[in-house]
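K.L.:
Fold the following.
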Amino acid sequence: MTIKIVLFFFISSISLVSCKEKSANDLFESFVQKKLNEKYIVLKTADITPIESLDKDYRKIIENHSNTTLLLEKAKSIKETKYCIPNLVCPMTEGDVAICMLLDMYKMSDDYFENVMYKNIKREVHSAADFWHYIHACEDNRNKIIKKITNWIEIYTSSDLLLHWSEEEIINHRFELISDTKIETFVFHKADDGMQTVTCTYGKKDSFVTGPIEYWGIENGLLCIYQYENMPSKKQIKIGKIRIDEEKKILYAYRNNKKVEYKYIKNNST
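P.N.:
Model (predicted):
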């Protein structure tokens, strides 16, 4: 009888171990160390593949935001895997895979990817190849990209809700960036013929300042400032409104996904 009881508990303990949920680290290691007969494995990511068609381990990792810290640490790794992105990077490192997981987990916007992630990256071909070449060039570049991802996560998880702009809040108003080092002002106009222009001032304090005339519009609730009329694809700046403090005359906003404050002044002239 005693032998049967001991045997029962032994079998039960084995069952419990086998049913134990894999940790996030185990899932990641299992995924990046996958062994197949092929020389390389094409990495499927959520930007081009339906969620239900992704690898089950990949999907489990990106569905749980508590795995963020692990992925940010893994993103530093330069250990090679069998994964690749055709025509872009081959082979990928464990860090590259972690970066892809973070981009999918936090649904990075195309605007942030193009305007922030690509900042200071020389583009030689119209594809993501330059992005990956930049990451692989040196450890410092990889760390800069990880920092930008961290900034996006802060935006994504922020409790700040962006409110839609109205023309009345923009026309004949002046925005002055509140900064110790930078100068940036916008004065918005709308002519009788409907043309929407903005007088801009850009520069650094105690240095040369430029003052071009540009164009503005409202797109998906965001205030967009363009260099050229009728060329919205050339938009340079997007300002998302968090709130306007009428008493203090301060605009709290996101400028190209970075939180900023502007002095918000209504011009008397029309």
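
K.L.:
low-confidence ranges in this protein?
P.N.:
When residues are selected by pLDDT under 70, those of the chain lie in 1-20, 125-126, 159, 230-235, 269-270.

K.L.:
could you pull out the strands for it?
P.N.:
Secondary structure of the chain (DSSP state E): strands at 41-42, 83-84, 173-177, 182-190, 196-204, 209-210, 213-219, 222-226, 235-245, 250-255, 258-266.

K.L.:
which outside residues touch the fifth one?
P.N.:
To tie it back to what came earlier, the one meant is strand 196-204. Here strand 196-204 makes contact (CB atoms under 8 Å, 6 or more residues apart in numbering) with 181-191, 209-217, 225. Glycine gets a C-beta too; all of them are placed from N, C-alpha and C.

K.L.:
The same query, at a cut-off of 10 Å, please.
P.N.:
When contacts are taken as CB atoms under 10 Å, 6 or more residues apart in numbering, the neighbours of strand 196-204 outside the stretch itself are 167, 170-171, 174-177, 179, 181-191, 208-218, 223, 225-227, 229, 236-237.

K.L.:
now the strands of the chain in TSV, with mean neighbour count and distance to Asn120?
P.N.:
Below are the strands of the chain laid out as TSV (neighbours: other CB atoms under 10 Å; distance: least, CB to CB, whole Å):
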stretch	mean neighbour count	distance to Asn120
strand 41-42	13	29
strand 83-84	20	25
strand 173-177	18	21
strand 182-190	18	17
strand 196-204	16	17
strand 209-210	11	20
strand 213-219	16	23
strand 222-226	19	21
strand 235-245	17	16
strand 250-255	19	17
strand 258-266	16	15
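
K.L.:
Turn those strands into CSV, columns for distance to Lys22.
P.N.:
Output for those, formatted as CSV (distance: least, CB to CB, whole Å):
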stretch, distance to Lys22
strand 41-42, 20
strand 83-84, 19
strand 173-177, 48
strand 182-190, 48
strand 196-204, 51
strand 209-210, 56
strand 213-219, 44
strand 222-226, 41
strand 235-245, 39
strand 250-255, 37
strand 258-266, 37
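
K.L.:
Can you say which of the ones you listed is nearest to Glu114?
P.N.:
Evaluated over these, closeness to Glu114 peaks at strand 235-245, with 10.2 Å, by CB to CB.

K.L.:
Point out the other helices and strands that that closest one packs with.
P.N.:
Packed against strand 235-245, as judged by 3 or more CB pairs under 10 Å, 6 or more residues apart in numbering; DSSP states H and E, are the following elements: helix 110-112, strand 182-190, strand 196-204, strand 213-219, strand 222-226, strand 250-255, strand 258-266.

K.L.:
In CSV, list these along with distance to Leu161.
P.N.:
Formatted as CSV, the entries for the helices and strands packed on strand 235-245 read as follows, by distance: least, CB to CB, whole Å:
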stretch, distance to Leu161
helix 110-112, 17
strand 182-190, 23
strand 196-204, 25
strand 213-219, 17
strand 222-226, 13
strand 250-255, 11
strand 258-266, 13
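
K.L.:
nearest to Ile99, of these?
P.N.:
Taking CB to CB as the criterion, Ile99 comes closest to helix 110-112 out of the helices and strands packed on strand 235-245, the separation being 14.0 Å.

K.L.:
picking up where we left off before, figure out which of the strands of the chain is closest to Asn143.
P.N.:
Relative to Asn143, the nearest member of those by CB to CB is strand 258-266, separated by 18.6 Å.

K.L.:
what angle separates that closest one from strand 182-190?
P.N.:
Here strand 258-266 runs at 50 degrees with respect to strand 182-190, directions being taken by axes from the mean of the first three to the mean of the last three CA atoms, to 10 degrees.

K.L.:
Residues contacting strand 258-266, please?
P.N.:
Under the contact criterion CB under 10 Å, 6+ apart, strand 258-266 has outside partners 112, 116, 151, 154-155, 158, 160, 169, 171-179, 182, 184-187, 239-240, 242, 244-246, 248-255.

K.L.:
Figure out how far it is from the centre of its chain.
P.N.:
Here the centre of mass of C-alpha atoms in strand 258-266, compared against the chain's by CA atoms, centre = their mean, to the nearest Å, lies 22 Å away.
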